[in-house]
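Asks: Give me coordinates for this.
(one chain, ligands or ions: 1)
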Amino acid sequence: MKKVLKNAFLALSFSAMLAAAPLAMAADHGEAHGGGHGAAAAQPEIPASVIMREVIEGNEKFKMNHESKYFDLFQDSQVPVLTVVTCSDSRVHTNLFGIVPDNNIFVVRNIGNQVANSEGSVDYGVMHLPTKILMILGHSSCGAVKAAMGDYSGEAPAIKKELDPLKPVIALDDQSGEFKERWAKNVERNVDYQVNYSMKLYDEKVSHGDLVVVGAVYDFNDIYGQGRGSLIITNINGEKSPNKIMEHPVLKDLTRGPIVTHVSSRAQ
Ligand SMILES: [Zn+2]
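Replies: Sure thing, here's the model as predicted:
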């Protein structure tokens, strides 16, 4: 009992420390790309040893909460239902889907949720496993998209290499309007671009109805006005019109309406 309480306290204190951290990290990220706005929040100092303690003790808790039979279902092979290409950004998490990620979600992550930069991994999910849905999940305030909108020539070669494929997306930005609005539109344009890229890669599967490519944005900043943490559907198989998206058979089992919309004033 004492140990459980101690762990609970540690988890709480760790969460409290981390609660402020994303702000600092996000701000630092923005500064690094020359686009930071406002003062950076103070970075809480979390010793590496505390982080490792939480990782290892957290895993022990996970083991305690999952009986051996939990692993029986997937001990020999995986049968995920969804391939997701999303950004490495720590603010995007797989729990947002409402299904247990274990053995259900095949996740491919890189900066800017780009198919081309992890094409082999995406192929594995779509062609080998194979999942019926490929979701491209962008997110509000994506640092990779922001970086690609500016001068990133000072970045390390490996980072530049992973940002370069975003150039065709940023080329669609007419540079008008406020930066925040342009940024949000470019996040959505990037999702569209990745959906189109995937449609070309998996054309045969999509045309046979064996694969649906869904474009979405995870909005933790309420840019869409639908509440923080919303999953916004913006594209299905290249279709961007909200009305037509709503008619797609892949949404027919929903008991509550999905959030299908676009960044305000974005051209359809
Ligand atoms: Zn991102």
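
Asks: State the distance from the closest residue in space to residue 246 that isn't next to it in sequence to residue 150.
Replies: Nearest residue to residue 246, sequence neighbours excluded (CB to CB, 6 or more residues apart in numbering): residue 260, at 5.7 Å. Placement of C-beta: from N, CA and C, glycine included. Taking CB to CB, to the nearest Å as the measure, residue 260 falls 31 Å from residue 150.

Asks: The two: which has the busier surroundings?
Replies: Shown here are residue 260 and residue 150; by other CB atoms under 10 Å, residue 260 has more neighbours (20 against 12).

Asks: quick one: that one from the ion, how far?
Replies: 22 Å (CB to the ion, to the nearest Å).

Asks: For that residue, give the beta-bridge partners.
Replies: Counting by DSSP bridges, residue 260 is bridged to residue 233.

Asks: re the thing from before, the residue nearest to residue 246 reaches residue 244, doesn't it?
Replies: No. If you go by CB atoms under 8 Å, residue 260 and residue 244 don't touch, sitting 9.5 Å apart.

Asks: Confirm for me that residue 113 is in contact with residue 188.
Replies: No. With contacts counted by CB under 8 Å, residue 113 stays clear of residue 188, the gap being 11.8 Å.

Asks: So for these two, which residue has more residues nearby?
Replies: In this view residue 113 and residue 188 are compared by other CB under 10 Å, and residue 113 has more residues nearby, 31 against 25.

Asks: Name the nearest residue to that one, ignoring sequence neighbours.
Replies: Spatially, and ignoring its direct neighbours in sequence, residue 113 is nearest to residue 87 (4.6 Å; CB to CB, 6+ apart).

Asks: contacting residues for the residue nearest to the spatial centre of the chain?
Replies: Nearest to the centroid of the C-alpha atoms of the chain, with distances taken as CA atoms, centre = their mean, sits residue 86, at 3.5 Å. Going by CB atoms under 8 Å, 6 or more residues apart in numbering, residue 86 touches 92, 107, 108, 109, 113, 135, 136, 137, 138, 139, 218.

Asks: Is it correct that the second one is in contact with residue 101?
Replies: The one in question is residue 107. Yes. Counting by CB under 8 Å, residue 107 touches residue 101, with 7.4 Å between them.

Asks: what about the residue nearest to residue 113, distance to residue 155?
Replies: In terms of CB to CB, residue 87 sits 16 Å off from residue 155.

Asks: So those two - more neighbours on which side?
Replies: residue 87 (23 against 15).

Asks: Helices along the stretch 101-250 of the chain, start to end?
Replies: Assignment of helices within the stretch 101-250 of the chain using DSSP state H, counting those that start in this stretch yields the ranges 119-123, 143-149, 157-163, 167-170, 179-201, 203-207, 242-246.

Asks: For these, give me a markdown table that also has mean pLDDT and distance to residue 64.
Replies: Output for these, formatted as a markdown table (pLDDT from 0 to 100; distance: least, CB to CB, whole Å):
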| stretch | mean pLDDT | distance to residue 64 |
| --- | --- | --- |
| helix 119-123 | 98 | 32 |
| helix 143-149 | 98 | 36 |
| helix 157-163 | 98 | 38 |
| helix 167-170 | 98 | 45 |
| helix 179-201 | 97 | 39 |
| helix 203-207 | 98 | 41 |
| helix 242-246 | 92 | 43 |
